[in-house]
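Student: could you work out the structure for the sequence below:
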Amino acid sequence: MEIDRTGLAEFLRRRREALQPEDVGLPRGPRRRTSGLRREEAAALCHMSTDYYSRLERERGPHPSEQMIASIAQGLHLTLDERDHLFRLAGHRPPTRSSTGDHIGPGLLRVLDRLDDTPAEIVTELGETLRQNRLGTALTGDTTSFTGFARSIGYRWFTDPATRDRYAPEDHAFLSRLFVSGAREIATLRGPHSRAARLVELLLERSEEFRALWEHHEIGIRPAEGKTFIHPEVGRLELHCQVLIDPGQSHALLVYTATPGTESQEKLQLLSVIGTALLP
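Tutor: Reported below is the predicted structural model:
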């Protein structure tokens with residue numbers, strides 16, 4: 001497939017102009033004259049330089065890679081149909097559609113972008129963090145930076161002891177059972193050749209604890225609404241976890257809140273002040 005530079009440039013420009021700052025969690029500001037996002041704002045959302053993005057809109061620059069196009073599709077909050085169209089304009093075949101893909105629907109992104117006063121994250125059915133807001137990163141650390149199967153908290157839980165440090169010790173046994181039960185359900189749902197099934201295979205090889213719990217064949221264990229985190233700076237936080245599901249993509253938006261008037265609420269407010277500056 002050949003790149004359609006004119007079509008690509010026009011599509012990017014239209015989608016950028018259609019997005020408003022508040023749609024992506026940015027302040028509008030009193031002197032804004034641009035009808036939509038500025039090019040530098042769109043470039044930042046797409047994790048690329050303003051010069052690179054601008055050249056695409058001007059029908060110039062190198063042929064963007066599939067990874068770059070995927071980043072643009074996510075940054076501009078495209079739907080799956082729009083994402084696939086963008087791939088074709090760029091001369092690439094669209095990714096195979098799957099309920100286990102990483103492309104986050106724009107509706108879920110819009111909700112996350114508006115949550116700036118409480119921790120939140122978007123995760124896959126395997127517990128892979130796709131996006132965190134600032135407070136989400138401050139609460140649990142940057143969990144979007146992992147690669148391979150280590151992206152899954154269930155995998156890290158059984159292979160990296162440090163993963164458990166931010167969770168209350170009295171909850172560890174339950175969380176282990178929860179992750180094993182969830183892995184069994186997803187692997188069965190997705191089939192023997194799925195990524196979930198491969199995750200189970202690796203954990204059976206690498207974790208004695210996982211193997212022991214796997215033998216119990218527990219199914220249907222569900223996470224508690226209340227979660228206790230142990231933060232390295234503010235200490236123990238008792239939080240509630242509300243979940244919003246995108247059934248089309250099997251993604252979940254997790255929002256962590258504290259009961260008003262509690263010590264945990266005060267600690268969340270402190271966490272909001274210190275932000276990510278305390279993270280390693």
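
Student: helices of the chain, start to end?
Tutor: For the chain, the helices defined by DSSP state H occupy 5-18, 39-45, 50-57, 66-75, 80-89, 106-113, 134-140, 153-159, 172-190, 195-206, 208-214, 263-274.

Student: reformat those as CSV; add mean pLDDT, distance to Ala252 and mean neighbour count.
Tutor: (Glycine included, C-beta is placed from N, CA and C.) CSV is the format used below for the helices of the chain (pLDDT from 0 to 100; distance: least, C-beta to C-beta, whole Å; neighbours: other C-beta atoms under 10 Å):
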stretch, mean pLDDT, distance to Ala252, mean neighbour count
helix 5-18, 94, 26, 17
helix 39-45, 94, 22, 20
helix 50-57, 95, 30, 17
helix 66-75, 94, 17, 20
helix 80-89, 93, 17, 18
helix 106-113, 92, 9, 19
helix 134-140, 94, 13, 21
helix 153-159, 98, 12, 22
helix 172-190, 96, 12, 18
helix 195-206, 97, 15, 16
helix 208-214, 98, 22, 16
helix 263-274, 91, 21, 16
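
Student: dump those helices into CSV; add distance to Leu237 as well.
Tutor: What follows is these, written out as CSV (distance: least, C-beta to C-beta, whole Å):
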stretch, distance to Leu237
helix 5-18, 38
helix 39-45, 30
helix 50-57, 38
helix 66-75, 30
helix 80-89, 36
helix 106-113, 20
helix 134-140, 8
helix 153-159, 17
helix 172-190, 16
helix 195-206, 28
helix 208-214, 26
helix 263-274, 5
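
Student: out of those, nearest to Leu253?
Tutor: helix 106-113 (5.4 Å; C-beta to C-beta).

Student: between that closest one and helix 80-89, how many degrees?
Tutor: Taking axes from the mean of the first three to the mean of the last three C-alpha atoms, to 10 degrees, one finds helix 106-113 and helix 80-89 inclined to each other by 100 degrees.

Student: how far does helix 106-113 sit from the chain's center?
Tutor: From the chain centre to the centre of helix 106-113 is a distance of 11 Å (C-alpha atoms, centre = their mean, to the nearest Å).

Student: who's in contact with stretch 138-151?
Tutor: 119, 121, 126, 128-132, 153, 155-156, 159-160, 166, 198-199, 202, 229, 231, 237, 256, 271-272, 274-276, 278-280 (C-beta atoms under 8 Å, 6 or more residues apart in numbering).

Student: and the closest residue to Asp4 other than its chain neighbours, how far from Leu37?
Tutor: Spatially, and ignoring its direct neighbours in sequence, Asp4 is nearest to Leu89 (4.9 Å; C-beta to C-beta, 6 or more residues apart in numbering). Distance, Leu89 to Leu37, by C-beta to C-beta, to the nearest Å: 19 Å.

Student: over to Ile72?
Tutor: In terms of C-beta to C-beta, Ile72 sits 13 Å off from Leu37.

Student: next one: Glu10
Tutor: 16 Å.

Student: now Gly29
Tutor: On the measure of C-beta to C-beta, Gly29 and Leu37 end up 12 Å apart.

Student: do the same with Pro62
Tutor: Counting by C-beta to C-beta, the separation of Pro62 from Leu37 is 23 Å.

Student: who has more neighbours, the two?
Tutor: Taking other C-beta atoms under 10 Å, Pro62 and Leu37 do not tie; Leu37 has more neighbours (24 against 10).

Student: Glu82 touches Leu12, doesn't it?
Tutor: No - counting by C-beta atoms under 8 Å, Glu82 does not reach Leu12; the two are 10.9 Å apart.

Student: got phi/psi on Arg93?
Tutor: phi -80, psi 130 (degrees, to the nearest 10).

Student: wait, what's in contact with it?
Tutor: Neighbour list for Arg93: Met1, Phe87 [criterion: C-beta under 8 Å, 6+ apart].
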